[in-house]
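Chemist: Here is a sequence together with a model predicted from it:
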Amino acid sequence: MGPSAKAIHVPESALLYAAYVIDCAGIYFATAPVTTMNLKFLLTCEHGGNRIPARYRDLFAGCEPLLASHRGWDPGALVLARDFAAALRAKLFHSTTSRLLVELNRSMGHPQLFSAPVRGLPRRAREELVERFYRPYRDRVEARIAAEAGRGELVVHLSCHSFTPVLDGVERNADIGLLFDPRHSLETQVCAAWQQQLRASDASLVVRRNYPYRGTADGFTTYLRRRFDERNYIGIELEVNQKFPMGDAPGWEALRPKLIRSFAEALTVLRPAESGGRVASAPAVGSRHAPVARHGHRALPSFGRVAPALRAGK
Ligand SMILES: [Zn+2]
């Protein structure tokens with residue numbers, strides 16, 4: 001955790017209305033509880049390291065350069081996820097095992113679930129990798145969301161990643177990517193606001209939405225969106241250019257608090273409409289955990305109508 005992140009505090013499930021003060025030591029959020037809604041933050045980092053457990057090391061003999069590259073892990077992503085988790089007092093799930101063993105950010109059956117060295121293993125050995133590394137991670141995250149969604153809370157899941165500045169000889173023209181589903185109303189609004197806040201905090205930052213990947217491409221958040229009602233789950237992938245953690249140390253130290261602060265500011269779009277928020281939608285009341293049709297066309301209730309019921313019922 002960077003020194004700047006230690007000073008950032010956003011109380012769990014009582015976020016927002018951030019009257020925040022910046023001083024030389026860091027950022028402090030003075031918050032008022034949002035009694036009409038309950039946000040739960042969840043951080044994940046699927047590509048936090050490039051470790052290969054001893055029993056699988058022979059498979060990767062000679063693959064050291066591959067493991068060390070962006071194909072093996074996401075440099076900086078875990079540092080960033082830890083900063084966010086500390087600032088938001090949020091639960092963090094992370095993996096430091098290389099994505100080349102089994103790719104936690106791909107669905108079962110996806111061609112990229114296993115890398116080339118692993119694909120040569122017998123089926124039983126590949127199944128064992130799924131049972132030992134993939135399922136425990138994915139199931140724990142999903143169970144956590146299910147528990148909170150089941151209590152009617154809105155889970156804001158941030159999955160932290162980093163991307164290589166140059167892929168196949170082509171330079172990526174972004175510093176930050178925010179990946180979401182454009183059909184998910186709350187994700188869309190939060191990411192638009194986040195992009196705006198980031199640009200306002202640092203005009204030199206190139207912030208793009210659904211770049212360098214589409215938020216609807218196969219991934220953990222895409223899977224989770226199918227599992228949970230959009231009133232209970234927001235899944236955003238944060239992608240940071242590896243030029244920061246891999247080279248620009250002062251820039252990297254400065255960037256992380258900016259990302260956290262702008263994120264908290266962006267969440268004010270979730271404020272109830274009656275208190276001046278821009279979003280007239282609410283998390284579900286007493287929702288259940290069950291697979292739902294993706295992006296059901298049910299109208300979201302407005303905060304104005306739902307808030308009194310929430311106050312009475314909670
Ligand atoms: Zn990643």
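Modeler: Nice, I can see it.
Chemist: For the ion, what is the nearest residue in the protein?
Modeler: residue 161 (3.3 Å; Cβ to the ion). (C-beta placed from N, C-alpha, C; glycine too.)
Chemist: Count residues in the vicinity of that residue, would you?
Modeler: 24 (other Cβ atoms under 10 Å).
Chemist: Wait, residue 97 touches residue 54, no?
Modeler: No: using Cβ atoms under 8 Å, residue 97 makes no contact with residue 54, being 11.8 Å away.
Chemist: Between these two, which is the more surrounded one?
Modeler: Using other Cβ under 10 Å, the more surrounded residue of residue 97 and residue 54 is residue 97, with 23 against 7.
Chemist: Pull the contacting residues for the residue lying closest to the more buried one once chain neighbours are set aside.
Modeler: With sequence-adjacent residues excluded and distances taken as Cβ to Cβ, 6 or more residues apart in numbering, residue 97 is closest to residue 51, at 5.2 Å. Residues counted as contacts of residue 51 (Cβ atoms under 8 Å, 6 or more residues apart in numbering) are 96, 97, 98.
Chemist: show me where the stretch 1-150 of the chain has helices.
Modeler: 64-68, 77-88, 116-119, 123-129, 135-150 (DSSP state H, counting those that start in this stretch).
Chemist: So which of these is the most surrounded?
Modeler: Highest mean neighbour count of those: helix 77-88, a mean of 24 (counted as mean count of other Cβ atoms under 10 Å).
Chemist: chain center to that one, what's the gap?
Modeler: 10 Å (Cα atoms, centre = their mean, to the nearest Å).
Chemist: any weak-confidence spans in the stretch 101-250 of the chain?
Modeler: For the stretch 101-250 of the chain, applying pLDDT under 70 flags no range at all.
Chemist: Next to the ion, which bits of it? Give me the list.
Modeler: residue 161 (Cβ under 5 Å from the ion).
Chemist: Quick one: the strands in the stretch 101-250 of the chain, in order.
Modeler: For the stretch 101-250 of the chain, applying DSSP state E, counting those that start in this stretch gives strands covering 154-163, 166-167, 170-171, 176-179, 207-209, 233-241.
Chemist: pretty sure residue 108 contacts residue 131?
Modeler: No: counting by Cβ under 8 Å, residue 108 stays clear of residue 131, with 11.7 Å between them.
Chemist: which residues are common contacts for the two?
Modeler: Residues touching both residue 108 and residue 131 by Cβ under 8 Å, 6+ apart: none at all.
Chemist: returning to that earlier point: and the ion, which of the contacts of residue 51 reach it?
Modeler: Among the contacts of residue 51, not one lies near the ion by Cβ under 5 Å from the ion.
Chemist: which one among those residues gets closest to residue 257?
Modeler: Lowest distance from residue 257 to the contacts of residue 51 (Cβ to Cβ) belongs to residue 96, with 23.9 Å.
Chemist: Find the nearest non-adjacent residue to the closest one, please.
Modeler: Residue 96 sits nearest to residue 49 (Cβ to Cβ, 6+ apart), 2.9 Å away.
Chemist: I'd like the distance between that neighbour and residue 191.
Modeler: 27 Å (Cβ to Cβ, to the nearest Å).
Chemist: how about the helices in the stretch 151-300 of the chain?
Modeler: Ranges of helices in the stretch 151-300 of the chain, per DSSP H, counting those that start in this stretch, are 185-201, 220-227, 243-246, 249-266.
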